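# A structural model of the following input is requested.
(chains A, B, C, D, E and F)
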There are 6 protein chains.
Amino acid sequence: MTAATAQSTAQHDIDSPESLARRRHGQSVLSRIDGHAGEAVIDSLADISPALGHHVAAFAFGDIYDRPGLDPRSRQLVTLGALTALGGCEPQLKVHIGAALNVGISREEITEALLHAAVYCGFPRALNATTAAREVFADRDRDDDSNSNDSDSDSNGTR
Amino acid sequence: MTAATAQSTAQHDIDSPESLARRRHGQSVLSRIDGHAGEAVIDSLADISPALGHHVAAFAFGDIYDRPGLDPRSRQLVTLGALTALGGCEPQLKVHIGAALNVGISREEITEALLHAAVYCGFPRALNATTAAREVFADRDRDDDSNSNDSDSDSNGTR
Amino acid sequence: MTAATAQSTAQHDIDSPESLARRRHGQSVLSRIDGHAGEAVIDSLADISPALGHHVAAFAFGDIYDRPGLDPRSRQLVTLGALTALGGCEPQLKVHIGAALNVGISREEITEALLHAAVYCGFPRALNATTAAREVFADRDRDDDSNSNDSDSDSNGTR
Amino acid sequence: MTAATAQSTAQHDIDSPESLARRRHGQSVLSRIDGHAGEAVIDSLADISPALGHHVAAFAFGDIYDRPGLDPRSRQLVTLGALTALGGCEPQLKVHIGAALNVGISREEITEALLHAAVYCGFPRALNATTAAREVFADRDRDDDSNSNDSDSDSNGTR
Amino acid sequence: MTAATAQSTAQHDIDSPESLARRRHGQSVLSRIDGHAGEAVIDSLADISPALGHHVAAFAFGDIYDRPGLDPRSRQLVTLGALTALGGCEPQLKVHIGAALNVGISREEITEALLHAAVYCGFPRALNATTAAREVFADRDRDDDSNSNDSDSDSNGTR
Amino acid sequence: MTAATAQSTAQHDIDSPESLARRRHGQSVLSRIDGHAGEAVIDSLADISPALGHHVAAFAFGDIYDRPGLDPRSRQLVTLGALTALGGCEPQLKVHIGAALNVGISREEITEALLHAAVYCGFPRALNATTAAREVFADRDRDDDSNSNDSDSDSNGTR
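Numbering: from 1, shown residues only, chains lettered A, B, ... in the order given. You can find the predicted model right below:
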């Protein structure tokens, strides 16, 4: 029996060796981009919907985010536009504003992107997204204060 | 090198043997439920975004739809609610109204589900979804007329 | 003067005998399905918008939910799909996740339905809905702990 | 048995004398406001979902629109804001732009309302709504041309 | 060099004399309608996105709201419809429910408008908007209690 | 009287010299990015809502798009994310897919961005956006065929 055949017979099984490998790979992509914030989302799903956590990691990050056709900066800009326009996704927006900082998008570019989105989805959604950005930036400032030898860490990939 | 390792190194490659197996499995689930309508969607993406077609098949149908935790009838009811509420997804709604018929949901139950949705997402979206249902039902009637020895085919799995 | 004539002359009057009968009937449907959670919603509207409370009971539950064309389990699946896709309706989603449990949909089916919805409305909305489900399940567990002789009450129709 | 009791036992029956009276009353409200456009919507539902048609008439117009707490002009302004923001409801928007003209809102006020909505729901939705308005205005002009002795009929209540 | 030429060369500069004049004018419109609530929104943006604050004032209020083609009462009704239908904009809805009171729309008309919106965008969004209205009304009552010689101030323009 | 004072007294007048200068500036930004497609949108509004056309040019492009804080490529990525997530904005999406090509985003990056968006707003909206992209790409191919000495014109700024 080939590996491919074995896989398809249990494709929906999130605990198969193949699924586990896919999830681990997705988690490594997620950690690289979102740092602890992304991992915390997956972990928080373990009790209630492990399959949802699996597919956030394996599909969203392992299958899609990691594709070479678009750089991480561009992906985060698309994500900021989409989440701002959707509305009501402030927790996810905060994770992805953090990820935007991590892949090198500056605070000024983030707030500019949210202002730009106002043209397309209206001011209320842009205002809510900007409030989310303020909270993320304030969290980063707090972290920086407690790590005083680490003053310009917003855009490095280790957080 | 184990199968799991091999897979993760090229997880994003939609033409790897593992991806091909996953896509084929998803396409078989899709064919079982949506018949030709679903296949046509995947095929139509081949020129413009083969990766989108791949993930509709491999992820949406292979990974998610095929999971044993919820029967196809229940999945289609959730889908009808979601697509009606989203709005602007009439092409997808038509595919899934067809799929609902295929998994044994009657025409009366479908229009009742759309009326039920009106409470939650308003009458305009329910009206648009009901217009989509009328078109699907008319298409089925036309097909039945041209296959006069096949009079109760709405809910069989072969279309 | 016939009953029908009398009714139409004051149809918009929510305090007419006909409206009162319709509201009471709706409230009995609501109580059967949502238990105290639904009643609490109606009661909370008494001071601010009694007409909104009236129509939630009389129309949404008395006119629509009670129709024989679709069973309560199916209605709740449509509702879960619609509310997840709408987003920003977490209070209503929590009431209807409770109602889903009440009509016999298991916790596993509910989280599976929300994962299924992710395909159609994206992961952020599915994550928010799953967070709402966790809160409902935790409330039920707390209630069960304080009623230790009532251990498997999630899916019975009395709450 | 009292009328109220009789009604509640068959409240969901759209063909009961009480439901018929409610529907007729709603249709008369609808005709007063939307003229033929509204009636056409109800009629078009007769084959596919008569219950949806019933509730558009009986509930939306008989129960809600006819309530004395808000004048028709104000109701149509709320409706224009809601339908523009929802998006994807162009058929309904066209009916309600026609209704807005019928209750005395001028063409200039309608396009101004849609520009105003752009601030809250973004320019794309406002542009789509304005395109719908252009189509309604052009239809009225055509009707006026074929009724040359009826030149300023946009805002009277007979259409 | 003419004024028009000078302006266009720095149109995006929110601190130019022209931009400052436009912002001040918008703020005066905003104060007239929203009172302190609106000013607080602009002020709260000073640290995070002064350009967003500028355009809320200069564009949304100075350019659009102040246009003569639609009276403030009508504008607020459109806004209530749009914000209710969008969902997830409760902070903005509260500001605009306050503004609605300020331009002379009564509490009863506001809750009626939100009930009316339920027909078009569903009950959950109408319920969330009505909850927002209750909070605004309670805030006004509290303010009235602490200003006992100011009993009918809901609809004056000074708040 | 200073220019700034003069402006604010008639800020809402779209035909004042200041407004005209702002509109012209916006139109030049729009032409640079969207070419004829954007101009056509403004022109098409001249009969029905010149003020909407004015503000698309003067505000959306003159005030916002032209700001130096975010490069055109990044703005278009945000726009693609927002319009895909909104749904029902296919005409605007087509204009902005064309604009994305014009500012140097490749066809492959555009379809990748739409696949990426599927994670956040679901597959149906991504499928609709991809259908819009196919139409834009086909239009470009047709234009290229009729200008055979202009083979790589997708990403230049003159269209």
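
# what are the boundaries of the helices in chain A?
Remark: helices assigned in chain A by DSSP state H are A:3-9, A:17-34, A:36-44, A:50-55, A:72-86, A:90-102, A:107-121, A:123-146.

# pull the contacting residues for A:C89.
With contact taken as C-beta atoms under 8 Å, 6 or more residues apart in numbering or on different chains, A:C89 is in contact with A:83, C:87, C:124-125, C:128, F:120. All C-beta atoms are positioned from the backbone trio N, CA, C, and that covers glycine.

# redo those residues as a markdown table? Include pLDDT.
Putting these into a markdown table (pLDDT from 0 to 100) gives the following:
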| residue | pLDDT |
| --- | --- |
| A:L83 | 98 |
| C:G87 | 98 |
| C:P124 | 98 |
| C:R125 | 98 |
| C:N128 | 98 |
| F:Y120 | 98 |
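
# what is the nearest of those to chain D?
C:G87 (13.2 Å; C-beta to the nearest C-beta).

# how about the closest one, nearest residue that isn't a chain neighbour?
A:G88 (4.0 Å; C-beta to C-beta, 6 or more residues apart in numbering or on different chains).

# excluding chain neighbours, what is closest to the residue positioned nearest the centre of chain A?
Central residue of chain A (C-alpha atoms, centre = their mean): A:H96, 4.6 Å from the mean position. For A:H96, ignoring the flanking residues on the chain, the nearest one in space by C-beta to C-beta, 6+ apart is A:T79 at 4.9 Å.

# do A:S19 as well
A:D13 is the one closest to A:S19 (C-beta to C-beta, 6+ apart), at 6.1 Å.

# confidence score at the nearest residue to A:I48 once chain neighbours are set aside?
Nearest residue to A:I48, sequence neighbours excluded (C-beta to C-beta, 6+ apart): C:R134, at 4.5 Å. At C:R134, the predicted lDDT confidence score is 97.

# tell me, how many residues neighbour C:R134?
When neighbours are defined as other C-beta atoms under 10 Å in any protein chain shown, C:R134 has 18 of them.

# quickly note the distance from it to C:S49.
Per C-beta to C-beta, to the nearest Å, C:R134 is found 30 Å from C:S49.

# A:D15 now?
49 Å.

# looking at the two, which one has more neighbours?
The neighbour comparison of A:D15 against C:S49 (other C-beta under 10 Å) goes to C:S49, with 26 against 11.

# which ones are touching the nearest residue to that one once chain neighbours are set aside?
Excluding its sequence neighbours, the residue lying closest to C:S49 (C-beta to C-beta, 6+ apart) is E:T111, at 4.2 Å. Residues in contact with E:T111, defined by C-beta under 8 Å, 6+ apart, are C:48-49, C:51-52, E:130, E:133.

# would you mind measuring from the residue in chain A positioned nearest to chain F to F:Q92?
Closest to chain F within chain A is A:G81: 2.8 Å, counting by C-beta to the nearest C-beta. Distance, A:G81 to F:Q92, by C-beta to C-beta: 13 Å.

# now the common contact residues for these two.
Residues touching both A:G81 and F:Q92 by C-beta under 8 Å, 6+ apart: A:120, F:83.

# which of those two has more residues huddled nearby?
A:G81 (32 against 22).

# still on that earlier bit, in CSV: the helices of chain A, plus distance to D:P68.
Below are these laid out as CSV (distance: least, C-beta to C-beta, whole Å):
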stretch, distance to D:P68
helix A:3-9, 64
helix A:17-34, 54
helix A:36-44, 50
helix A:50-55, 48
helix A:72-86, 38
helix A:90-102, 39
helix A:107-121, 36
helix A:123-146, 31
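
# tell me which of these sits most buried.
By mean neighbour count, with neighbours taken as mean count of other C-beta atoms under 10 Å in any protein chain shown, helix A:72-86 ranks first of those at a mean of 27.

# tell me the pLDDT at the closest residue to A:E135 other than its chain neighbours?
Using C-beta to C-beta, 6+ apart and skipping residues adjacent in sequence, the residue nearest A:E135 is A:K94, 6.3 Å away. On the pLDDT scale, A:K94 is placed at 96.

# and if you look at A:A6?
43.

# residue contacts, the residue nearest to A:E135?
For A:K94, the contacting residues are A:37, A:132, A:135-136, by C-beta under 8 Å, 6+ apart.

# quick one: A:L114 and E:S49 touch, right?
Yes. Here A:L114 reaches E:S49: they are 7.0 Å apart, a contact under C-beta atoms under 8 Å.

# pLDDT-wise, which helix or strand of chain A ranks last?
Every helix and strand in chain A was compared by mean pLDDT, DSSP states H and E; the lowest is helix A:3-9, with a mean of 45.

# still on that earlier bit, state the distance from the residue nearest to A:H96 to B:L30.
To B:L30, A:T79 is 27 Å away according to C-beta to C-beta.

# distance of the residue in chain A that chain E sits nearest to from A:F123?
Nearest to chain E, among the residues of chain A, is A:G88, at 3.5 Å (C-beta to the nearest C-beta). In this view, A:G88 and A:F123 are 16 Å apart by C-beta to C-beta.

# local confidence estimate at A:G53?
At A:G53, the pLDDT value in this model is 97.

# revised request: answer the last question for A:C121.
So, for A:C121, pLDDT stands at 98.

# doesn't F:G87 make contact with it?
No. Taking contacts as C-beta under 8 Å, A:C121 lies outside contact range of F:G87: 11.2 Å.
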